[in-house]
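Asks: what follows is a predicted structure for the sequence shown.
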Amino acid sequence: AQSVTQLDSHVSVSEGTPVLLRCNYSSSYSPSLFWYVQHPNKGLQLLLKYTSAATLVKGINGFEAEFKKSETSFHLTKPSAHMSDAAEYFCVVRGNTGGFKTIFGAGTRLFVKA
Amino acid sequence: DVKVTQSSRYLVKRTGEKVFLECVQDMDHENMFWYRQDPGLGLRLIYFSYDVKMKEKGDIPEGYSVSREKKERFSLILESASTNQTSMYLCASSPGTGLSGANVLTFGAGSRLTVL
């Protein structure tokens, strides 16, 4: 069985400070992992994906995530927040066998203060 | 640059009405999906299709049906809308035959449905 837990429903940072959005997953098999971002009144946009290549994955807009199998984590980070990063972020796990079921986390809303 | 288009951004319907949500993709993707998004629950899969005229139930298919008569179009149908179907509905597509684990989903902008 697969599951994904986003540990924070809301995160608030000041502009120019680091961003950390936490995600833990559970999967019986080696999964594919994704982060998506959703700006207000928009659809979801892919930030980055992990598919069993390099464990440190770089995405768009300066975001990156590290796959840590021992901790079953896939946290999203950015060194310096920008006002335009304010959005909702979804961690997603997708199995590579057994029907390739896609599971979305509940989302983390990022607030960026000026 | 729009790749997945949902025809209605906002709809208001009355209980018992039949509702059609249309989704069109221009990327020649085999797989198409309908999700609903509710606060605190993330996205939940309603139905998906991996080929024309093929459909599979997702996690919450009750009260919904779908139609895929052409590769580029995937319609979600609420036969008799109810207030608990008030939600944001997101259409997505992905390439490839089968449902390869690494395939990326491309989403539409969403359709916000209110049922009174």
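Replies: Yes, it's here. Numbers count the residues shown, from 1 in each chain, chains lettered A, B, ... in the order given.
Asks: list the contacts for B:G63?
Replies: When contacts are counted by Cβ atoms under 8 Å, 6 or more residues apart in numbering or on different chains, B:G63 is found next to B:L78, B:E79, B:S80, B:S82, B:Q85. Using the backbone N, CA and C atoms, a C-beta is placed for each residue, glycine as well.
Asks: and those residues, which is closest to A:T72?
Replies: B:Q85 (34.5 Å; Cβ to Cβ).
Asks: contact partners for that closest one?
Replies: Going by Cβ under 8 Å, 6+ apart, the list of residues near B:Q85 reads B:G63, B:L78, B:L113, B:V115.
Asks: which pLDDT does the model give it?
Replies: pLDDT for B:Q85: 97.
Asks: cool, the one 5 residues further on as well?
Replies: With respect to pLDDT, B:L90 has a value of 96.
Asks: helix/strand/coil for it?
Replies: Under DSSP: H, G, I helix; E, B strand; the rest coil, B:L90 falls in the strand class.
Asks: out of everything not next to it in sequence, what's closest to it?
Replies: Leaving aside its chain neighbours, B:L90 sits nearest to B:Y35 (4.6 Å; criterion: Cβ to Cβ, 6 or more residues apart in numbering or on different chains).
Asks: and the host helix or strand of the one you found, what does it pack onto?
Replies: B:Y35 is part of strand B:31-38 when elements are defined by DSSP states H and E. On a contact count with 3 or more Cβ pairs under 8 Å, 6 or more residues apart in numbering or on different chains; DSSP states H and E, strand B:31-38 meets strand B:23-25, strand B:42-49, strand B:73-78, strand B:87-94.
Asks: give me the angle between it and strand B:42-49.
Replies: 150 degrees (axes from the mean of the first three to the mean of the last three Cα atoms, to 10 degrees).
Asks: low-confidence ranges, the chain, go.
Replies: Went with chain A since none was named. A:96-100 (pLDDT under 70).
Asks: try again with chain B
Replies: Applying pLDDT under 70 to chain B picks out residues B:1-2, B:97-102.
Asks: the residue most central in space within it pairs with what?
Replies: With distances taken as Cα atoms, centre = their mean, B:W34 lies nearest the centre of chain B, 2.5 Å away. Beta bridges link B:W34 to B:Y47, B:C91 when assigned by DSSP bridges.
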